[in-house]
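Colleague: this one's structure only:
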């Protein structure tokens, strides 16, 4: 059986820049609650700069002429990355993946890493993989991880976002629809409730 993840990464590589940014922003909507919960649980940092950066990116997608200082956004994001050595909670890893994804997305916008969307796609799946491993009562095989409902859901959402982007114009309605696909089920990619 073909590995869906590899076909996803290839499709992501083929996206136009705005599609790459929109795809990454949608995946980050599903990852951000993991970071927010970690910050709340550990009092590590104020998660609002991450939310603000993502809002600014959606704004840029809907209105590309919006002037944004992406270097300043990147600085804010990179100032609040937890160190896994400081925490024994498994929540630190999804938080780090969110931070790395946000950095990759901003670097993509700055045209410093044109593969930023692939990085976000891989990190989103990696978050789920690590979470499934960490919460499994027994050792779990790669095949079992692929079949796990959370991983299946992550792959399905990524495929749905890619399919939607393939036939959608670059406008605010597309952005809204992408966000709805991403958070429509009211949970982060590892099953944390998203409270509006």
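Modeller: Alright, I've got the coordinates. Quick caveat: nothing in here was measured; it's all calculated off a predicted structure.
Colleague: Where in this protein is the helix or strand with the lowest mean pLDDT?
Modeller: helix 4-13 (a mean of 89; mean pLDDT, DSSP states H and E).
Colleague: Averaged pLDDT, the top helix by length along the chain. What do you get?
Modeller: When the chain is parsed with DSSP state H, its longest helix is helix 17-42. Averaging pLDDT along helix 17-42 yields 97.
Colleague: So what's the gap between the least confident helix or strand of the chain and the chain middle?
Modeller: Chain-centre distance of helix 4-13: 15 Å, with CA atoms, centre = their mean, to the nearest Å.
Colleague: ok so, going back, could you point out which element follows the longest helix of the chain?
Modeller: Sequence-wise, the next helix or strand downstream of helix 17-42 (DSSP states H and E) is helix 48-62.
Colleague: Tell me the buried residues in the helix or strand following that next one?
Modeller: Downstream of helix 48-62, the first helix or strand assigned by DSSP H and E is helix 70-78. Residues of helix 70-78 classed as buried: 70, 73, 74, 77 (neighbour count, 16 or more other CB atoms under 10 Å). For the C-beta atoms, the positions are set from N, CA and C on the backbone; glycine is no exception.
Colleague: for the residue nearest the centre of the chain, what are its contacts?
Modeller: Closest residue to the average C-alpha location of the chain: residue 28 at 2.9 Å, with CA atoms, centre = their mean. By CB atoms under 8 Å, 6 or more residues apart in numbering, residue 28 lies in contact with 54, 98, 101, 102, 105, 120.
Colleague: From residue 145, how far off is it?
Modeller: Residue 28 sits 22 Å away from residue 145, taking CB to CB, to the nearest Å as the criterion.
Colleague: Over to residue 189?
Modeller: Per CB to CB, residue 189 is found 14 Å from residue 145.
Colleague: Between those two, which has more neighbouring residues?
Modeller: For residue 189 versus residue 145, neighbours defined as other CB atoms under 10 Å are more numerous around residue 189 (28 against 18).
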